[in-house]
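Chemist: heads up, no residue letters with this:
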Ligand code: ZN
């Protein structure tokens, strides 16, 4: 068994689509990034790569490359899934936290779990997504950005 950690932050700005966990959330602000800014998926990808002893997502998907401009982070997640599968790992579980003052995330969590589990080709119950605020403190509390943390546990399959 191997564990990996992931952490990501993106800045909120007006009139940009807000996408978290592959789900489009109606809000007046969205996350600024070279990709779609889905910081939950970014944190999960880094935790998966970390558990396999691989490098961070910036190594595989550099933010100066046009091919990754505005790309859906779900496509990147699918590529990360290939990388870890190629190394012989399978996902045991993923736990994650979205740190966000507004909007309310809870109504979208089930859809996020369904979306991510279908991309990773795993049972929905293996993914946990929680949401919290920082009580109006710091950059998430002031609605300047959203942060996400993720932990993944992977198992190396026995080779035949
Ligand atoms: Zn990111």
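Modeler: Nice, I can see it. Model, not experiment: these values are computed from the prediction. Numbering: from 1, shown residues only.

Chemist: in what helix or strand does the residue nearest to the spatial centre of the chain lie?
Modeler: Residue closest to the average C-alpha location in the chain (CA atoms, centre = their mean): residue 41, at 1.6 Å. Per DSSP states H and E, residue 41 falls inside helix 39-51.

Chemist: and the next helix or strand past that helix?
Modeler: Under the assignment DSSP H and E, the closest C-terminal helix or strand after helix 39-51 is helix 57-60.

Chemist: chain center to whichever helix or strand comes after that next one: distance?
Modeler: On the C-terminal side of helix 57-60, the closest following helix or strand by DSSP H and E is helix 73-86. Put simply, helix 73-86 sits 12 Å off its chain's centre (CA atoms, centre = their mean, to the nearest Å).

Chemist: equivalent analysis for stretch 53-71, please.
Modeler: How far stretch 53-71 lies from its chain's middle: 14 Å, per CA atoms, centre = their mean.

Chemist: buried ones in it?
Modeler: Buried residues in stretch 53-71, counted by 16 or more other CB atoms under 10 Å: 54, 57, 61, 68, 71. For glycine as for every other residue, the C-beta is placed from the backbone atoms N, C-alpha and C.

Chemist: near the ion, from the residues you listed?
Modeler: Checking the buried residues of stretch 53-71 against the ion by CB under 5 Å from the ion, not one of them is in range.
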